[in-house]
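S.K.: Quick one, what's the 3D model for this:
(3 chains)
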Amino acid sequence: MITAGIDVGIENIKAVILKDGEVIARGTVRSGGAKRAMSAEKVWKDTLAAARLSPSDVEKVVATGQGKGDVSFAGDRVVEPVADARAARFLYPASTSVVDVGADQVRVVTLGKGDGIAEVVMNQKCAAGLGISLKSMSRTLGMTLDEMSRQAGNSRSDIAVNDGCGVFAEMDALGLLSRNVPREEVALAVMEAVAVRINSILNDKVKPAKDTTVLVGGVSKNKAIVDALKRRSGVNFIIPEYAEYAGALGAALMAAG
Amino acid sequence: MTQDYWRWPESTWTSKDIDWKNSSTITAGVDIGSNSTQAVVMCDNSLFGYANLRTGPDYRESAGQAMKQALGKSGMTIRDIKYTVATGWGSRNVAFAQKIVDEVNCHARGARFIYGSSVKTVVDLGAQTCKAIRLYDWGRVSDFMMNDKCATGMGRGIEVMADLLQVPIQEMGERSLTVGKDPEPVSTTCYDFANTEAIGLFREGYKENEVLAAYLFAIAWRIHGTVGKVNPEKELAFTGGLAKNAGIVKRLERDMKMTALTSEYDPQLAGAIGAALIARDTVEKD
Amino acid sequence: MERFKEILEDRHEYARAWKKRTGGKVLGYYEPYMPEEIVYAAGILPVRLLSQHEPDDTTDRQMYGNCACSRDLLNQFIKGRYDYVDGLVNAEGCQWMLNAFQTTLNFKTALFNHYVFVPDYVDGKTSKDVMRSELEVFKKALEKWTGKAITGSALDHAIEVYNTNRRLMRQVYELRRADSPVVLGSEAMEMVLASQVMDKAEMNDMLRDAIAKLAERKPRSDTGVRLMLVGSPTSDVELEKLVESLGANVVIDEICTGSCYFWNEVIPQPDRLMAISLRYLGRPHCALKDNNWRRRPAHIYQLYEDFQAHGVIIAKQIYCHPHGTDNPLIWKVLRERNIPFHYFERDTTLPYEETRLRMEAFINMLKPELVLK
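M.R.: Numbering: from 1, shown residues only, chains lettered A, B, ... in the order given. As a prediction, this is how the structure comes out:
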């Protein structure tokens, strides 16, 4: 059976095509605001082409993500935590919780008995837009997100930025630049603050288990943040290879039943 | 085919008419903002050259680059400049400046040069901060207010928004004005809330231009809050990068029930022009 | 002078050392209306809980939307920085500190704790009687906790120690009034802040010594523009240091952790608890208690005149609700009297560049020599 999942985020749209429990194609494209419905069509077409399939070959398409309502060709829609949970269980059957850090939201999903979800904790409003503010920082620092993520080492305690709000953090980072702090160190401080904010959400209610927590979403690809988060939270996150496609994968799995 | 929608056009210009070798005093002003850097060279009381560039992560390099471009191919070098004043967020990084003056005074001075001495209220709409400045008739600053902490970075927020919507940043304002009646503004707390809320409007069936209108209305509303604290009086002038965004300026004028002065000068240059003029004052005083 | 700074910075170490030396108990408190004399008379060290900046990843759920000062106090308790504190007292003040007090007690259940009700209308007709009866209850609670009665002579002694401290601090502040002061704003503030985490008897000795040394100092000629600082409580002197680096000096403040802390004394009377009640109700109003009978605007104006300030900085802690509501009224009064001021919001961290920009512009505005044509 062939099914597909489309995850429409605020920043990117991700598509996954699944054949008998195997991912056969992935695709991603920028959402582009008003162009979101068109972008979804585009990534859908490209991903189908990559898998050498036509739309009629796919039995069912399920959409998830903030803009799931924009996917006209989806047969069904599923809320994000459910898709996350499904993907985590599929990838790591022993997992007990999944943390999704995307462009806009941070979600901590604690898995329950059977297929169920025990609890979902989301970021408070002031911690929204983590991924978005990272991207804005990367423009200011003149570094790609990839270059930022490769910065190694702990940030210096005397070089810190606000850890409560991404906008204040930007302001502090700009202040550091104007004092000639090397941009690599500024980048580390920014990413450390992001880790503090994510950890603060982890501390919210149920602390995720040490060895059975899956980390997904675009920000999970940032090694520097993940290292800082591991150090702060003491959780050894399991990060799947295509972590940013977890939502789409979960949706595709839901489509398969 | 990745287009940088958030990138605003940089500009440089050097006069071909002024014979700088015959001018008596040459001064310069450099305004290193958190997002843009301007360098201005003035011969006596006229603008000789300027550059308006994006600030890079190395502020010293940005300052040097802007100055180099402002001088252009005129043959003038930094050594020909009698006095340079630096201002702005990164003012400490201009190695060739003799003095640092705050941006409030520089923008006030620059606005009076650009828009004339009838200016009583200057609103500087920068990338990181918004400043409302009141002036005495004779030009001194009598009062100023800056944005609340949560309203920080509105200009940067617009860049983020351009990137998210994939709409070129310099078209956002005009496009938002094509909407007949403004929709309700989105969150006016901070740019991050405003951005996500604006994107969310698509789910409610808003068209792109309506989203832009609701978004820029919120930004203008937030700025209006800051401006209101200094009891603005005529004549009003806008400076800074966002002064080029008609979507913000028109809405601010509407909310303030005032019309701002216009000029052929680039309003983003106000700080650097003010700095160059203050440099001139300093030379004359000595 | 350095010693005050050291104690302020290593305040946890100071309190731990005090405990070890005396074997006494330490009581942490949140609000300036806490009657310290009674605590001191019971042989307990009252320590004002001051925020510091440490990455906060613990208080999001309980205290989201509160000011960073109050959140940081909870954060510090969770992280064990205040593990030497044996009890907590909150004298009714702002809602945020009350939240910090209550949430801390939610998981530090073993701590002694007491809540002192302080009327919001501090000048109301019945307020002094209400306050006195609250102090009575508080005194009994302390006696029960320590198992020892608080004697009249112990109270008299505590009142004397505290009044002495207030007088000495006033002397330091008087030195700031001079045209060329011998003491900088940041130094004076460090003293006041240190006094709130120290044993007052020890503090008094240090103060006497410091005042004698200050008398020998050469008056400074470089302090430039004279500023007054008004606003939310602070626990560091970053802002004072910043304006000093820009050719200005804070000559007087009207903040809870500054001059308001020591400004008035206990006027002794046979009913000691009543004397203490009247002192706390009569202290310079906190923004929250300045209702109906407004004293803050006049007090600010008087300090501004007495200390010959050129302008006022109003620094509000972000999300500080008492100052958020009171500030517009203060602006109005300052404008009516043509007093230049600059208002801004700060967080636990002071965004250096942004604040520098504000301060530089404000100081330049007050400097007559920067004439713009």
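S.K.: which residues sit in contact with the residue nearest to A:S133 when sequence neighbours are not counted?
M.R.: The shortest distance from A:S133 to any non-neighbouring residue, by C-beta to C-beta, 6 or more residues apart in numbering or on different chains, is to A:G166 (3.3 Å). C-betas here are computed from N, CA, C, even on glycine. Residues in contact with A:G166 (C-beta atoms under 8 Å, 6 or more residues apart in numbering or on different chains) are A:A127, A:A128, A:G129, A:L130, A:I132, A:S133, A:R197, B:D192.
S.K.: burial count for the closest residue to B:E184 other than its chain neighbours?
M.R.: Taking C-beta to C-beta, 6+ apart, and ignoring the residues beside it in sequence, B:E184 has B:A214 as its nearest neighbour in space, at 6.5 Å. Here the neighbour count serves as a burial measure; for B:A214 (other C-beta atoms under 10 Å in any protein chain shown) it reads 21.
S.K.: Before we move on, what's the pLDDT of B:A214?
M.R.: Note for B:A214: predicted pLDDT of 96.
S.K.: Please list all residues in contact with it.
M.R.: B:A214 touches B:D182, B:P183, B:E184, B:P185, B:V186, B:A198, B:L201, B:Y206, counting by C-beta under 8 Å, 6+ apart.
S.K.: Swap in 10 Å and give it another go.
M.R.: The neighbourhood of B:A214, defined by C-beta atoms under 10 Å, 6 or more residues apart in numbering or on different chains, consists of B:S176, B:V179, B:D182, B:P183, B:E184, B:P185, B:V186, B:A194, B:E197, B:A198, B:L201, B:Y206.
S.K.: sec struct for whatever residue of the stretch 201-350 of chain C ends up closest to chain B, please.
M.R.: Across the stretch 201-350 of chain C, the shortest distance to chain B (C-beta to the nearest C-beta) belongs to C:E345, at 4.0 Å. In three-state terms, and counting by DSSP: H, G, I helix; E, B strand; the rest coil, C:E345 is strand.
S.K.: Excluding chain neighbours, what is closest to it?
M.R.: That would be B:K149: by C-beta to C-beta, 6+ apart, it lies 4.0 Å from C:E345.
S.K.: which residues in chain B form helices?
M.R.: B:59-71, B:103-115, B:154-165, B:172-176, B:191-200, B:208-228, B:246-256, B:270-285 (DSSP state H).
S.K.: most tightly surrounded among the ones you listed?
M.R.: Across the helices of chain B, averaging neighbours per residue (mean count of other C-beta atoms under 10 Å in any protein chain shown) puts helix B:103-115 on top, at a mean of 28.
S.K.: now check it, is it near chain C?
M.R.: Yes: Helix B:103-115 is in contact with chain C by C-beta under 10 Å from any C-beta of the partner chain, via B:E103, B:V104, B:N105, B:C106, B:H107, B:A108, B:R109, B:R112, B:F113.
S.K.: Over in the stretch 151-300 of chain C, which residue gets nearest chain A? Let me know.
M.R.: Of the stretch 151-300 of chain C, the residue with the smallest distance to chain A, taken as C-beta to the nearest C-beta, is C:L242 at 12.1 Å.
S.K.: So that residue: helix, strand or coil?
M.R.: Three-state assignment for C:L242 (three-state DSSP): helix.
S.K.: for A:G69, same thing?
M.R.: Classification of A:G69 by three-state DSSP places it in helix.
S.K.: Double-check it against B:F202; I have them as touching.
M.R.: Yes: using C-beta atoms under 10 Å, A:G69 makes contact with B:F202 at a distance of 8.9 Å.
S.K.: and these two? which has more neighbours close in?
M.R.: In this comparison of A:G69 against B:F202, neighbours counted by other C-beta under 10 Å, the higher total goes to B:F202 at 23 against 15.
S.K.: Would you confirm that the more buried one contacts B:T196?
M.R.: No: the pair B:F202 and B:T196 fails to qualify as a contact (C-beta under 10 Å) at a distance of 11.5 Å.
S.K.: quick one: common contacting residues for the two?
M.R.: Here B:F202 and B:T196 have A:Q66 as joint contacts, going by C-beta under 10 Å, 6+ apart.
S.K.: mind checking pLDDT for B:S23?
M.R.: Per-residue confidence at B:S23 stands at 92 (pLDDT).
S.K.: Near chain C, which residues of chain A? Just list them.
M.R.: Taking C-beta under 10 Å from any C-beta, the part of chain A that reaches chain C is made up of A:121, A:123-127, A:157, A:160-165, A:168-169, A:171-172, A:174-179, A:192-193, A:195-205, A:232-233.
S.K.: No further queries at this time; thank you.
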